[in-house]
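> need a 3D model of the following:
(chains A, B and C)
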Amino acid sequence: MATLWRDNWLYVSRTEAFQKPGAFRVLSIGNQNYLVVRSRQGNLRGFHNTCRHRGSLLCDKKEGQLGQTGRIVCPYHQWTYDSEDGTLLRTSSFAEPEDFRRSSYRLFRVAVAEWQGCVFLHPDPNATWNVDTLFQRPTDNFGNFPLQSMRIGHRWRTEMACNWKTFWENFNECLHCPAVHPELTHLVPLYSRRIVDPTDVPDWADHTERKDPRYRGGLRDGAETWSIDGSAQGHVIPSLTAEDLARGQTYASTWPSLFVAGYADHVRLCSVRPLAPERTELVAEWLFSPETLEDPGYDRTNVVDFAVRVMEQDARVCELNQRGLHAVPLESGVLMPEEYLVKRFQDWVRTGVQG
Amino acid sequence: MATLWRDNWLYVSRTEAFQKPGAFRVLSIGNQNYLVVRSRQGNLRGFHNTCRHRGSLLCDKKEGQLGQTGRIVCPYHQWTYDSEDGTLLRTSSFAEPEDFRRSSYRLFRVAVAEWQGCVFLHPDPNATWNVDTLFQRPTDNFGNFPLQSMRIGHRWRTEMACNWKTFWENFNECLHCPAVHPELTHLVPLYSRRIVDPTDVPDWADHTERKDPRYRGGLRDGAETWSIDGSAQGHVIPSLTAEDLARGQTYASTWPSLFVAGYADHVRLCSVRPLAPERTELVAEWLFSPETLEDPGYDRTNVVDFAVRVMEQDARVCELNQRGLHAVPLESGVLMPEEYLVKRFQDWVRTGVQG
Amino acid sequence: MATLWRDNWLYVSRTEAFQKPGAFRVLSIGNQNYLVVRSRQGNLRGFHNTCRHRGSLLCDKKEGQLGQTGRIVCPYHQWTYDSEDGTLLRTSSFAEPEDFRRSSYRLFRVAVAEWQGCVFLHPDPNATWNVDTLFQRPTDNFGNFPLQSMRIGHRWRTEMACNWKTFWENFNECLHCPAVHPELTHLVPLYSRRIVDPTDVPDWADHTERKDPRYRGGLRDGAETWSIDGSAQGHVIPSLTAEDLARGQTYASTWPSLFVAGYADHVRLCSVRPLAPERTELVAEWLFSPETLEDPGYDRTNVVDFAVRVMEQDARVCELNQRGLHAVPLESGVLMPEEYLVKRFQDWVRTGVQG
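The predicted model follows:
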């Protein structure tokens, strides 16, 4: 917590939450509160959500709009800050002490950056933004997704009685899929082999010619997207190539806070936030193209319900995993070949460096 | 907690709670439980609410009446103590061990004292009672209030998600008044200037001739008391002088547990008790003269509702303040000229000595 | 907790919970989870309820039946273990690493043993089972109870806001009986003298000829069992002798988890489990002979309601005791002559050795 969530870029929300100057969102990570705001100059800026006067929270709501001045005004004593750089513009006192220098009481800044319509912050205001190292693997596969212009069509939130690391360990392997996710395994036949990539097994080269999705990956024949009936309802994203569609699903993770999942007709952002050592918030946002959102004939519940079912199944086993971890004789677990991504995650947790 | 709430006089309740011998009240401070009782001899006595036998709680209710004997009888094994001095009068055993000396098993005493019908206890049984240092400032201004004979007409309780010190810091300044307490600021025009005393500003001498309550202090013209409509409903306390009435409100605080607020027709006692590091109980008691209480035409909700609104506004900003205090880069806040009483409070917290 | 609940035999449940191979029960002690199962070979076996792979809980329910294979299959990744000895039979991976030895990943075993239809486990798999030292006193008095063949007729559970030790201290003395248990003291007149054995007082020899149950012990004249009306409803256990019946009640305790109470027509098992430092689970199971259970004319509520009342009274004073223990000046309590069993318990807590 004290290092990994303070030394990495953390997903905040989509840029669309910050359309007008003064739009803000608050991100809570444990007991830390961050404020991201669209400044009067139109820039995205981030600060600790704490007044420099007596330490009050500045913005009490999870999201909202600053007042007409576009300045950040503490609701307690009305200290007023510039939303562009956190400068203390005015206090509310009849006079300021002689040795009081407003420049010593700027808001504590945090770094903010954007990737494809996704806003991230870094608690270190001097952090370097490098999109090449933001994700665990290159995001080339997202090249044809119009991520920037997609919009949120649904949002879902749950809490899990597990540590946030347990969530990521679960996310990074599919050994559990057949038993935990029957519907998903039906949709992605490769998962019935408990692997996430056709080349995960030593004899993969023997099967390169097979068209069976159990071997080539991708969705089951006839299915287009992660949805209850497999259908994309005529809303396949036009810019996707045949290769993208054959892949069926496209993933990218940025630890510790977000993974992005791309499908034929939508993208799902799945973010986690630690609330307590064994309490984690999970939020999913479904992105669609504006055309899809505007089509009254497109039924979003088809994709939403499918992913909610999968995420609830994952939440259940994460909680199960967490409860068993307290056994006194258990010093550590053991990883199997399919769990190479879990190993990579554990190495990152230990070293802070991505393998 | 371990020092300030063990090394100061703590408000318990009004004396009227102890009318008959055997009447008791329990005061809980964190996990400490104190018992204050009117002894058979008619004295107010205080003890740890813990039996010397196996440590059971002696009195389970917050308030009540000892049994007919007027003795303190442990509900667990009936060890019986004198309510006057805590002497162990009898055990329930067929015989006591040879080396058992009842005098070694008196109740743990705490000191008890009274001021104007208010009962205080001090966890140190040998604490010195000095009414001159009990309050932060001399209580001369209460000289014309018939505090001793006033009676509780209403009681209100809430819990705040903040540390008890956050409550006191908030109480000790009015920088927050205009934005947080619009109704109160309307009633007390001086508060629109964010100060608590006309002399708080350097140029106060320039305004000594002004009758505007924004400068002279006191309530707005036409208002008599802290009430919804400003009216005292014909129940101005007769002993109050013109000066008392012009002042409009009179305060005295005794840290860490109580402030007393006097108005034209009533007095309000406001006490806090820490329940946990970020959980504090707030209790208000409204005192009226017996004549006022007996007048069916006097509507107490007029004063009660006004103060409840103010206290709820304070509770909300105290919670806001508390939540922002966890920001990692925040080492300390800064105090402004109007916050000299906050400074005095912080100095007292640090040193235990009143400035 | 870390020693006493890890270094003693702990009551799990009655054997009847394990009738068929594959039947299992989970025992939770604080954050430790144990699994006891009837193996395919028909033996009772115990394990930490934790998978050796990534530490998931193996069985999520409190009791149940393993799948048809009779093997223990982790619900997360389907690692499969032999229920007889915890051997890892299979993983779910396409291949196991070269240096992976299944024998290194057996389930963590715990010891299991039976006494008269009661199943116990010991967290140390090599613990020695010795029925002579299992109970605090010899269980000879239970010799005529058909414990093995009795069956559960009712089960009751509550939680107490106290430490588990407070429960045992309360159980081990009857100084509290007259005030806390009026109905029980009426049933067992000896308890009105606050003692548990006629010989507990120095002058006991003077009263050996007296038939008054206040002196000889046993139930009040006309009462047969611990029930609301004192009646055994014609179901006195046939194997009990006149001496057993005259005794009226028969007890045996095995610290820290169980006491057994025998009466003319039933046996009650009362077990405790720590949930948290000041949270304890209390479970009572009433055992009857099959004949009694099958008699539609026998009303179990007669015995159940009586004991529930007594246990609720005990729970209340245990909570009272716990709340008083935090008093700062209280370094320790003091024990009276009647509390020799409490002393024995405290000595055991301190030393781990039974006196």
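
> look up the closest residue to the residue nearest the centre of chain A, ignoring the ones flanking it.
What sits nearest the mean C-alpha location of chain A, by C-alpha atoms, centre = their mean, is A:L258, with 2.5 Å. Of all residues not flanking A:L258 in the chain, A:Y11 sits nearest, at 3.8 Å (C-beta to C-beta, 6 or more residues apart in numbering or on different chains). Using the backbone N, CA and C atoms, a C-beta is placed for each residue, glycine as well.

> how near is the spatially closest residue to A:G42 that is not a sequence neighbour to B:V303?
Leaving aside its chain neighbours, A:G42 sits nearest to A:P21 (6.0 Å; criterion: C-beta to C-beta, 6+ apart). In this view, A:P21 and B:V303 are 45 Å apart by C-beta to C-beta, to the nearest Å.

> these two: who's more crowded?
Of the pair A:P21 and B:V303, B:V303 is the one with more neighbours under other C-beta atoms under 10 Å in any protein chain shown, namely 27 against 17.

> surely A:C174 and A:Y191 touch.
Yes: the pair A:C174 / A:Y191 is scored as a contact, 5.1 Å apart, by C-beta atoms under 8 Å.

> for the two, indicate the residue with more neighbours.
A:C174 (26 against 21).

> helix/strand/coil for the more buried one?
Per DSSP: H, G, I helix; E, B strand; the rest coil, the local secondary structure of A:C174 is coil.

> assign the residue nearest to it when sequence neighbours are not counted to helix, strand or coil.
Distances taken as C-beta to C-beta, 6+ apart put A:V196 closest to A:C174, at 4.7 Å, once the chain neighbours are dropped. On the three-state scheme (three-state DSSP), A:V196 is labelled coil.

> now do the contacts for A:V196.
A:173-174, A:190, A:338, A:341 (C-beta atoms under 8 Å, 6 or more residues apart in numbering or on different chains).

> quick check, nearest of the residues you listed to B:K61?
Nearest to B:K61 out of the contacts of A:V196 is A:E173 (C-beta to C-beta; 56.6 Å).

> number of nearby residues for that closest one?
22.

> from what I can see it touches A:K343, true?
No: using C-beta under 8 Å, A:E173 is not in contact with A:K343, being 9.8 Å away.

> helices and strands around the longest helix anywhere in chain A, which ones?
Longest among the helix segments of chain A by residue count, using DSSP state H, is helix A:301-324. Applying 3 or more C-beta pairs under 8 Å, 6 or more residues apart in numbering or on different chains; DSSP states H and E, one finds that helix A:301-324 contacts strand A:151-160, helix A:164-171, helix A:177-180, helix A:182-187, strand A:267-276, strand A:279-288.

> alpha carbons of that helix, as CSV, please.
The C-alpha trace of helix A:301-324 is given here as CSV (Å, rounded to 0.1, in the frame of the first residue of the first chain):
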residue,chain,number,x,y,z
THR,A,301,-27.6,-5.5,-20.8
ASN,A,302,-26.4,-8.1,-23.2
VAL,A,303,-22.8,-7.3,-22.6
VAL,A,304,-23.2,-5.8,-19.1
ASP,A,305,-24.8,-8.8,-17.6
PHE,A,306,-22.3,-11.2,-19.0
ALA,A,307,-19.3,-9.4,-17.6
VAL,A,308,-21.0,-8.8,-14.3
ARG,A,309,-21.6,-12.5,-14.0
VAL,A,310,-17.9,-13.2,-14.7
MET,A,311,-16.7,-10.4,-12.2
GLU,A,312,-19.0,-11.7,-9.5
GLN,A,313,-17.6,-15.2,-10.0
ASP,A,314,-14.1,-13.8,-9.7
ALA,A,315,-15.0,-11.8,-6.6
ARG,A,316,-16.3,-15.0,-4.9
VAL,A,317,-13.1,-16.9,-5.5
CYS,A,318,-10.9,-14.0,-4.5
GLU,A,319,-12.7,-13.9,-1.2
LEU,A,320,-12.3,-17.7,-0.9
ASN,A,321,-8.6,-17.4,-1.6
GLN,A,322,-8.2,-14.6,1.0
ARG,A,323,-9.9,-16.6,3.7
GLY,A,324,-7.6,-19.5,3.3
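
> list the residues that contact the closest residue to A:A113 other than its chain neighbours.
Closest residue to A:A113 apart from its sequence neighbours, by C-beta to C-beta, 6+ apart: A:W129 at 4.1 Å. Residues near A:W129 by C-beta under 8 Å, 6+ apart: A:9, A:111, A:113, A:122.

> residues near A:R300, how many?
Applying other C-beta under 10 Å, I find that A:R300 has 17 neighbouring residues.

> pLDDT score for A:E84?
Looking at A:E84, its pLDDT reads 97.

> leaving out chain neighbours, which residue sits closest to it?
That would be A:S39: by C-beta to C-beta, 6+ apart, it lies 4.1 Å from A:E84.

> now do that neighbour against A:S56, distance only.
Separation of A:S39 from A:S56 (C-beta to C-beta) stands at 21 Å.

> so who does A:D244 touch?
A:141, A:144-145, A:250, A:262.

> so can I have CSV of the residues you listed showing pLDDT, distance to chain C and neighbour count?
Formatted as CSV, these follow (pLDDT from 0 to 100; distance: C-beta to the nearest C-beta, whole Å; neighbours: other C-beta atoms under 10 Å in any protein chain shown):
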residue, pLDDT, distance to chain C, neighbour count
A:N141, 94, 25, 16
A:N144, 97, 32, 17
A:F145, 98, 31, 23
A:T250, 97, 24, 19
A:G262, 98, 27, 27
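
> noted, bye for now.
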